[in-house]
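**Q** Could you look at this predicted model? Sequence included:
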Amino acid sequence: MINFIFLILGFFHPFYVSVTEINHNAKTKSIEISTKIFFDDLEADLEESYKLKLDIIKPTDKAQLDKCLADYIRKSLIVKIDGKVYTANYIGYEIQGEAAWCYLEIPKINKVGTIEVNNSILYNLRKEQINMLNVTVGGKRQSTKLNYPERKVMMKF
């Protein structure tokens, strides 16, 4: 029912939201990151940021698009674990419906006490942007939302 309401609202009143999932995988000792962004907004922000004409659905140069996406996500989603900033490895992206899911990973993270996230995804594009954040460590999940211009949040586990 809630999905239906959001679908109807999307037709009458546009909303701008991304959802980022951060999970500490204790088995692989890594931080798994996935972020869901409406692909039309992402494409517009990438084109503005990199001064390129891009097509996320049917890229003419997939390597160039992946390079831009990796750079954009790394600059827009900065993760600090226990006080140390880590550079996430870009894995790739996929399209699901109206959204692009971008995947990243930070290897060699044995345990997590605190996670600080600086999330400015699509902030260059819209002042109405809301970035949702879900973080799971040791089976404990914490969630928050960042309304433009808010960027930073710290979570303790």
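**A** Great, that's in hand. Numbering: from 1, shown residues only.

**Q** going forward, measure contacts and count neighbours with C-alpha atoms only.
**A** OK.

**Q** check which helix or strand covers the residue nearest the centre of the chain.
**A** Residue closest to the mean C-alpha point of the chain, counted by C-alpha atoms, centre = their mean, is T35 at 3.2 Å. T35 belongs to strand 30-38 when assigned by DSSP states H and E.

**Q** Restricting to C-alpha, output that strand in CSV.
**A** Listed next in CSV are the C-alpha coordinates belonging to strand 30-38 (Å, rounded to 0.1, in the frame of the first residue of the first chain):
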residue,chain,number,x,y,z
SER,A,30,34.2,-6.2,4.4
ILE,A,31,31.8,-3.3,4.2
GLU,A,32,29.2,-3.8,1.5
ILE,A,33,27.7,-0.6,0.1
SER,A,34,24.7,-0.3,-2.3
THR,A,35,23.0,2.9,-3.2
LYS,A,36,19.8,3.3,-5.1
ILE,A,37,19.4,6.5,-7.1
PHE,A,38,16.7,7.5,-9.7
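
**Q** other SSEs contacting it?
**A** Packing contacts for strand 30-38, counted by 3 or more C-alpha pairs under 8 Å, 6 or more residues apart in numbering; DSSP states H and E, involve strand 17-25, strand 99-107.

**Q** The same query, at a cut-off of 10 Å, please.
**A** strand 17-25, strand 77-81, strand 89-96, strand 99-107, strand 130-137 (3 or more C-alpha pairs under 10 Å, 6 or more residues apart in numbering; DSSP states H and E).
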